[in-house]
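A.B. asks: model the structure of this input:
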Amino acid sequence: MTAAPPARRYLFVCTGNVCRSPAAESLLQDGARRRGLALEARSRGTAAELHYRMPDATRRALSARGVSCDGHVARLVDAPSMAWADAVLVMTRAHREQLLEKFPQFSAKIFLLMEHCGLGGGDVADPMGRPDAAHQAAVMRLETAVAVLLDRAENAKKTIDAKK
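C.D. replies: Numbering: from 1, shown residues only. This is a model prediction of the structure:
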C-alpha cells in the first residue's frame, strides 16, 4: 500500500471572491479529484461581502470546462484562512501588497499566482463587469496556472511512490 503525499493547501485570493479566486479554487478541486491528488483549496477576497455572488459569465466559463462552483459564498480573507494555507496565491500585485501589510506574519507563503506557477509575473485581470470574453480569458489563465499546480503535485506523488 502506498501512502498519499501530504495534502497541499492552497488559498486563492482576489478582490470580491466572486470571479477569479473561486474559479481557481473550483478548478483545482476538480483537477485534484480527477487526478486522485490530495490537494485542498479555498478562496477569499480582500474586499468580499457575503451578498456578493458569482457572475453568470464566470459560471458559464467554468461550466464549459465541466466545473461547477455551485454554493459558493463570498468570504473575506482573515488570519485563520491565511494560517490554514500552505500557499496563498493572489491574482494581482496589489492583492499581494494588501496581504503583506495586513498579515506580515504570513509573508513567506504569499505569492503572485502567475509568478509562482512560472507563467510570468503578470496579474490575472478582474473580469467583473466586463463582457463574457473577459471572464473566459480569466478562467483560461487560471486553468493554465492550476494545471501547473496539479502537475507539480502529480510529479511529487510519483517521486514519493517511486521511493517506496
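A.B. asks: ranges for the helices of this structure?
C.D. replies: 20-35, 56-63, 79-84, 93-102, 113-116, 132-162 (DSSP state H).
A.B. asks: just give me the neighbour total for the residue nearest to T46 when sequence neighbours are not counted.
C.D. replies: Leaving out its chain neighbours, the residue that sits closest to T46 by CB to CB, 6 or more residues apart in numbering is Q98, at 5.1 Å. The way it works is simple: take the backbone N, C-alpha and C, and place the C-beta from them, glycine included. With neighbours defined by other CB atoms under 10 Å, the count for Q98 comes to 18.
A.B. asks: Q98 contacts G45, doesn't it?
C.D. replies: No. In this structure, Q98 is not within contact of G45 by CB atoms under 8 Å, at 10.5 Å.
A.B. asks: what residues are up against the closest residue to R75 other than its chain neighbours?
C.D. replies: Among residues not flanking R75 along the chain, R44 sits closest, at 5.2 Å (CB to CB, 6+ apart). Shown in contact with R44 (CB atoms under 8 Å, 6 or more residues apart in numbering): 11-13, 17, 21, 75-78, 81.
A.B. asks: repeat that with 7 Å
C.D. replies: By CB atoms under 7 Å, 6 or more residues apart in numbering, R44 lies in contact with 11, 13, 17, 21, 75-77, 81.
A.B. asks: again, but for A47
C.D. replies: Each residue near A47 by CB under 7 Å, 6+ apart is listed here: 15-16.
A.B. asks: roughly how far does it sit from S21?
C.D. replies: Distance, A47 to S21, using CB to CB, to the nearest Å: 12 Å.
A.B. asks: and A147, by the same measure?
C.D. replies: 17 Å.
A.B. asks: neighbour count winner among the two?
C.D. replies: S21 (33 against 15).
A.B. asks: against L76, how distant is the more buried one?
C.D. replies: 12 Å.
A.B. asks: ditto for M91
C.D. replies: In this view, M91 and L76 are 15 Å apart by CB to CB.
A.B. asks: those two - which one has more neighbours?
C.D. replies: When neighbours are counted by other CB under 10 Å, M91 comes out ahead of the other of M91 and L76, with 28 against 14.
A.B. asks: and the more buried one, how far from R33?
C.D. replies: 23 Å.
A.B. asks: ok, now S63?
C.D. replies: 16 Å.
A.B. asks: so where is the protein shaky, pLDDT-wise?
C.D. replies: Within the chain, the stretches with pLDDT under 70 are 1-7.
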